[in-house]
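Colleague: structure, please.
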Amino acid sequence: MLGKVLSVCVTEDLASMAKIHKLLPENYFGSHPGRTTTDSIHYVTKYIKDAWRKGEVISALFLAIKCAFPSMVLDQLGHDMWCRGIPMQYTDWIKHRVHGRRTTLKFDRYESEPLELVNGLNLLSGITFQFYNVDLIDAQNLENG
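Modeller: Okay, the predicted model is just below:
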């Protein structure tokens, strides 16, 4: 139980740092207050209508991130967060929080030996995933569409 409480506190800290220090792009939605899915729908709708009024053509890329959290490479996540200004105490805590996790594969009558998990993170998944893939958003070229 204490681990879950600490995770919530860290999540709130990360979201606050991201907002106060503008560590994530303004058009990044999810996992922090004022940037909900509903907000993103309003933003996209307004952006499309404004462009249409100017006679512009709109293209969009929507990424499906189903099963993305369990496949995050934790060393890359730590590096990405550190590059954005997240203190090492947080990135180290996340790495240590998931270090040494194991799983067993079971199907039919087969059960594998315990396997160490080297990727993946469900802990703090929303905000950490934003840091993990933020370079995709920054790579966009707004001048050329």
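Colleague: the residue most central in space within the chain in helix, strand or coil?
Modeller: A centroid search over the chain (C-alpha atoms, centre = their mean) returns Phe129, at 1.6 Å, as the residue closest to the centre. Judged by DSSP: H, G, I helix; E, B strand; the rest coil, the three-state class of Phe129 is helix.
Colleague: for Glu56, see how far away it is.
Modeller: Distance from Phe129 to Glu56, counting by C-beta to C-beta, to the nearest Å: 31 Å. For glycine as for every other residue, the C-beta is placed from the backbone atoms N, C-alpha and C.
Colleague: repeat for Gly3
Modeller: 49 Å.
Colleague: Lys4 now?
Modeller: Counting by C-beta to C-beta - Lys4 and Glu56 are separated by 47 Å.
Colleague: also Leu105?
Modeller: With C-beta to C-beta as the criterion, Leu105 and Glu56 are 50 Å apart.
Colleague: can you show me the strands along the protein?
Modeller: 102-103, 106-107, 110-111, 115-116 (DSSP state E).
Colleague: fine by me, thanks again.
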